[in-house]
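Peer 1: Pasting the sequence and the predicted model now:
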Amino acid sequence: MKIRQTLQVEEIDLSEPEFWELDEEERLGAFATLRSQRPIPFMEEPEIPIEGFPRGPGYWSLTRHADLQEASRNPEVFSSAEGATSIFDLPKEFSEFFGGMINMDDPRHGRQRRIVSRGFTPSVLAKMEAGVARRAAAIVDRVIERGECDFVADIAAPLPLEIICDMMGIPESESSMVFEQTNVILGLSDPEFLEAVENPQIAALQAGAALGGLMTEMAADRRKNPRADLTTALLQGDLEDGAMSDHELASFFVLLVVAGNETTRNAISLGMKALCDYPDERRRWAADFDGLADTAVEEIIRWATPVIHMRRTCTQDTAIGGQSLAAGEKVVLWYASANRDEAVFEDPYRFDLGRRPNEHVGFGGPGPHYCLGANLARREIRVMFDEIFRRLPDLEITGPPERLRSNFINGVKRMPCRFTPNRPGA
């Protein structure tokens, strides 16, 4: 990839929706300009598209890998409790429901993370491996005779969604509803989704209510009829840290389907696009899939960086990267920039499936908010590409990806592909 540094540093405004409509080469070029000339710029906030909410005071942007790492390691100074998933200042109840424990600090964050970790232990993940492989095979079975499909909707999106539903014990009849409501929540900055709703705030609340209502019904059932699923585990009050309340369970589920579903499907989608754009790397992996899989998955995550940013708020006067910050000021951690930092990654715009070392921040920086589901995501990505390499070896992307306009999720809405048709199970 060759980036294009078309903007002067004074012209770069990360708050402008138009910035996120630029080609990827231009956006990455702008971040490169910031890292070299103004690595911690202050940005004015955009107008909040919700009636009655005042415009915020602005935010500092961390564009360098080292600064982002430092902020991530110091949650006592760089707090998530005022909102990590939105640059806007949203009502605390709204923020916590849609962001769950991501928008919390210890001790509340620690308690919820320990409860949730019951479903992400190595033994639990090991038991899920067969299920991930079975789901990936079934996804390919559904498209293999067609010879063409939408890679996002038909291949990348179903796997993480179906695995999440399996984990939680959600009936397959509800999976399409979960997928639709997730798209509503994450698509509210994209013109296509905005055209479909009259009021973005109400649409988000309705989507959250639908997902929360499903989990309330699930909780009532599992208290009477416990099963071997994550929903039951989160409701076990006799274990350490007790059980989640219905509200906490609903909030966690919203976080799980938004974070776990969206990020993995976009990593798979953008990873497939990169493999088609860099055929030498694709052949390299095909020649030794298992030998290269670990580093290949990490490079796909770095390359895609599905979550573009997270926010923190200073709890005290401090300094980072030579910049003084005041208590109460907002700081935005731009993972999309840190994952291309020339000071950390040799030739950062080269897609290198054997890259070592690869200290990317695609799952967040170090510290208490590192992605709890990172190992599950790695497994899903590896298994899906293994299935594609074996059964759809000549799959090619046949049109440009239709990108989600968002400064939060590096998303792909649609991406056509073509391959040699075959029979299911072949």
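Peer 2: Thanks, I have the structure now.

Peer 1: Which stretches in this protein count as strands?
Peer 2: For the chain, the strands defined by DSSP state E cover 42-43, 59-62, 78-79, 148-150, 309-314, 318-320, 323-325, 330-334, 396-397, 402-403, 412-414, 416-418.

Peer 1: Looking at the first one now, give me its mean pLDDT.
Peer 2: The average pLDDT within strand 42-43 is 98.

Peer 1: What is it packed up against?
Peer 2: Here strand 42-43 touches strand 59-62, going by 3 or more Cβ pairs under 8 Å, 6 or more residues apart in numbering; DSSP states H and E. C-beta coordinates here come from the backbone N, C-alpha and C atoms, glycine included.

Peer 1: Show me what the strand it packs on is packed against.
Peer 2: Against strand 59-62 (3+ Cβ pairs under 8 Å, 6+ apart) you get strand 42-43, strand 330-334.

Peer 1: Show me the residue at the heart of this structure, geometrically.
Peer 2: Centroid check for the chain by Cα atoms, centre = their mean gives Thr263 as the closest residue, at 3.0 Å.

Peer 1: And for it, nearest residue in space, chain neighbours not counted?
Peer 2: Of all residues not flanking Thr263 in the chain, Pro306 sits nearest, at 3.9 Å (Cβ to Cβ, 6 or more residues apart in numbering).

Peer 1: Surely that neighbour and Ala267 touch.
Peer 2: Yes. The criterion here is Cβ atoms under 8 Å, and Pro306 meets it with Ala267 at 5.3 Å.

Peer 1: shared neighbours, those two?
Peer 2: In terms of Cβ atoms under 8 Å, 6 or more residues apart in numbering, Pro306 and Ala267 are both contacted by the residues Gly362.

Peer 1: coming back round to it: can you lay out the helices and strands packed on strand 59-62 as TSV showing distance to Leu7?
Peer 2: As requested, those are exported to TSV (distance: least, Cβ to Cβ, whole Å):
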stretch	distance to Leu7
strand 42-43	14
strand 330-334	15
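
Peer 1: hang on, the earlier thing: just confirm the residue nearest to the centre of the chain contacts Leu376, I think it does.
Peer 2: No. With contacts counted by Cβ under 8 Å, Thr263 stays clear of Leu376, the gap being 10.9 Å.

Peer 1: The residue nearest to the centre of the chain: what's it in contact with?
Peer 2: If you count contacts by Cβ under 8 Å, 6+ apart, Thr263 has them with Pro306, Val307, Ala377, Ile409.

Peer 1: who wins for proximity to Thr313 among the helices and strands packed on strand 59-62?
Peer 2: With Cβ to Cβ as the measure, strand 330-334 is the member of these nearest Thr313 (5.6 Å).
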